[in-house]
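Participant: Model the structure of this input:
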Amino acid sequence: MVLVIVVAALALLAGLLANRYLRPRLITADDNEGMAVKDLVGPLLTLTVLLLAFVLVTASGSYGKAEVAARGEARALDQLVESAEYAPAAQRARVQADAVCYARAVRHQEWPAMADGKGSAAPSVWSTDFRRAFGEVQGKPVFGMLVAADNKRSEEREERLTQATASIPSAIFWFLLATLTLTVVALGVCLPRRNNRGQLITLALITALLTTTLCIIRDVDRPFGGIIDVEPTAIGEAERQADRDFLINHTAAELPCDADGDRRRATT
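Facilitator: Below is the predicted model of the structure:
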């Protein structure tokens, strides 16, 4: 970074020196002639648009990965529940119950926490219990199926949590905001002071478009907390299917968790 700043400063100094000493030798025009401010606004506007477009693509990519990870986690959880059908009755019931509780913990506790770029420890309680149940069927054919599905679930959850954090650093966002401000001010300087209704309307539209783009970038960069957010639809469907499979042979009261995915306290 220091190298970039030094090179840029030297380039600016070289440009000023060239304007002072080389221009009289290379250009025969009068010293009062040259590029006006309005001639420099075009490249500035182009730079602003390109920066916004590039960052928008980056933020959209992060949003897409978050959505794919959320669906992949739900599919892996559903596969885990289906694989448990091949396990003995006790382990099958335990895995299916844990799957329901895991989905509830993700949906009701971890999803709201991801709006702030954080995770929750609640789902980990049930993923740990998954592995304890797997240990009881180690050596049986179903063991490999369960472990493979759980590994996939773990990978997708990790990716989901990774994408919950902002992919665009705050420094870049503030730089874009400063660039947008500078561009709008520079455009305003170049407008005529009279008979400028059309130009003012155009400036307002350009400002609105640039601002909207920056707002969209800010929103999609928080895929679980913005207006355009990833809903827990897939994990909710996985929860319903796991709950359905569990209730075939059991009652809701036998689930080891409450509606929010917290472990039930033992009653005396």
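Participant: can you give me the helices for the stretch 101-250 of the chain?
Facilitator: Taking DSSP state H, counting those that start in this stretch as the criterion, the stretch 101-250 of the chain carries its helices at 111-114, 122-135, 141-164, 170-190, 197-220, 233-247.
Participant: any idea how far the fifth one is from the chain center?
Facilitator: Per CA atoms, centre = their mean, to the nearest Å, the displacement of helix 197-220 from the mean C-alpha position of its chain is 23 Å.
Participant: Check the second one too.
Facilitator: Distance of helix 122-135 from the chain centroid (CA atoms, centre = their mean) equals 27 Å.
Participant: Put the alpha carbons of that helix into PDB.
Facilitator: Output of helix 122-135 as PDB, limited to C-alpha atoms (Å, rounded to 0.1, in the frame of the first residue of the first chain):
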ATOM      1  CA  ALA A 122     -27.400 -23.400  19.700                       C
ATOM      2  CA  PRO A 123     -27.100 -25.600  16.500                       C
ATOM      3  CA  SER A 124     -23.700 -26.900  17.600                       C
ATOM      4  CA  VAL A 125     -25.400 -28.600  20.600                       C
ATOM      5  CA  TRP A 126     -27.400 -30.800  18.200                       C
ATOM      6  CA  SER A 127     -24.600 -31.400  15.700                       C
ATOM      7  CA  THR A 128     -22.500 -32.700  18.600                       C
ATOM      8  CA  ASP A 129     -25.400 -35.000  19.500                       C
ATOM      9  CA  PHE A 130     -25.400 -36.300  15.900                       C
ATOM     10  CA  ARG A 131     -21.900 -37.600  16.300                       C
ATOM     11  CA  ARG A 132     -22.700 -39.300  19.600                       C
ATOM     12  CA  ALA A 133     -25.600 -41.100  17.900                       C
ATOM     13  CA  PHE A 134     -23.200 -42.100  15.000                       C
ATOM     14  CA  GLY A 135     -20.900 -43.700  17.500                       C
END
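Participant: No further queries at this time; thank you.
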